[in-house]
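Undergrad: Build me a model from this:
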Amino acid sequence: QALYSNRHRTLFLPLMFHYDPVFYGANVAPYYNYGTLGAIFARGLAEVIDPFSSWNYSTSNWWTEEALREFSYRISCYRNLHDNARPQKPHDVDKLTPEVQSSLFAWLHGSRVAYASMERNFTSSSTRFAKKRQWKKAQRVFFLRFCLASCGLEHSEPLGPREKCVWPLLNMPEFVEAFDCPANSFMKVRQKCHLL
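TA: I've put the predicted structure just below:
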């Protein structure tokens with residue numbers, strides 16, 4: 001996981017993420033790396049600003065009481081979204097503790113920020129013809145690699161690999177579009193949660 005140093009005001013990435021082939025490819029299309037390194041960096045930055053982060057505890061908190069209530073409400077929306085989509089297996093994660101909320105906030109932001117960055121890069125660097133042909137492939141590669149990055153051995157994480165992969169994607173219509181999810185699909189839910 002990426003770590004933020006308040007002392008250096010820098011986000012550090014473990015060396016293993018710098019090496020081919022799994023998380024970083026120097027000679028591949030950029031969308032390959034946005035799904036892994038991009039999401040890991042974005043997640044690391046989100047961990048710095050989340051209301052339960054150790055960095056936020058050590059400085060003056062910029063989250064007002066109203067913003068914290070809104071944060072909890074919106075994060076719990078994702079939990080409800082997940083439980084409603086999987087009625088046969090509700091509550092895979094026991095409750096929305098501050099640790100779960102913090103982790104979910106980071107993964108939600110990681111997916112959204114990395115995807116938006118990948119989309120900007122793709123649209124600015126591709127010709128219109130190449131865009132149409134390659135966009136769905138770029139989306140699919142991004143989402144597959146995002147889920148690859150969620151499959152770590154971090155035992156201190158309150159969310160399991162499934163939750164880290166699926167919960168952020170539950171509210172991304174781009175995922176449904178990329179994989180042509182049918183109307184009754186687990187991923188094509190009707191309720192939408194809006195991130196802060």
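
Undergrad: I'd like the next helix or strand past the helix or strand bottoming out on mean pLDDT in the chain.
TA: In the chain, no helix or strand scores lower on mean pLDDT, DSSP states H and E than helix 54-58, which sits at a mean of 60. Downstream of helix 54-58, the first helix or strand assigned by DSSP states H and E is helix 65-85.

Undergrad: what's the burial count for N6?
TA: 11 (other Cβ atoms under 10 Å). Quick note: C-beta positions are derived from backbone N, CA and C, even for glycine.

Undergrad: Let me fix that, I meant to ask about M187.
TA: Counted with other Cβ under 10 Å, M187 comes out at 16.

Undergrad: And for S185?
TA: 12.

Undergrad: do L81 as well
TA: 18.

Undergrad: cool, W167 as well?
TA: W167: 24 neighbours (other Cβ under 10 Å).

Undergrad: With K131 as the reference, measure out to it.
TA: Note on W167: its distance to K131, by Cβ to Cβ, to the nearest Å, is 29 Å.

Undergrad: So which bits of the longest helix along the chain are buried?
TA: Ordering each helix of the chain by length in residues (DSSP state H) puts helix 98-125 first. Residues of helix 98-125 classed as buried: 100-115, 117-119, 121-122 (neighbour count, 16 or more other Cβ atoms under 10 Å).

Undergrad: report the angle between the axes of the next helix or strand after it and helix 98-125?
TA: Downstream of helix 98-125, the next assigned helix or strand under DSSP H and E is helix 128-150. Relative orientation of helix 128-150 versus helix 98-125 (axes from the mean of the first three to the mean of the last three Cα atoms, to 10 degrees): 160 degrees.

Undergrad: related to what we said a few turns ago, for the longest helix of the chain, name the packing helices and strands.
TA: helix 30-33, helix 39-49, helix 65-85, helix 128-150, helix 161-169 (3 or more Cβ pairs under 8 Å, 6 or more residues apart in numbering; DSSP states H and E).

Undergrad: mean pLDDT lowest for which of those helices?
TA: Within the helices and strands packed on helix 98-125, confidence is poorest for helix 65-85, with a mean of 80 (mean pLDDT).

Undergrad: Measure how that one sits relative to helix 161-169, angle-wise.
TA: 110 degrees.
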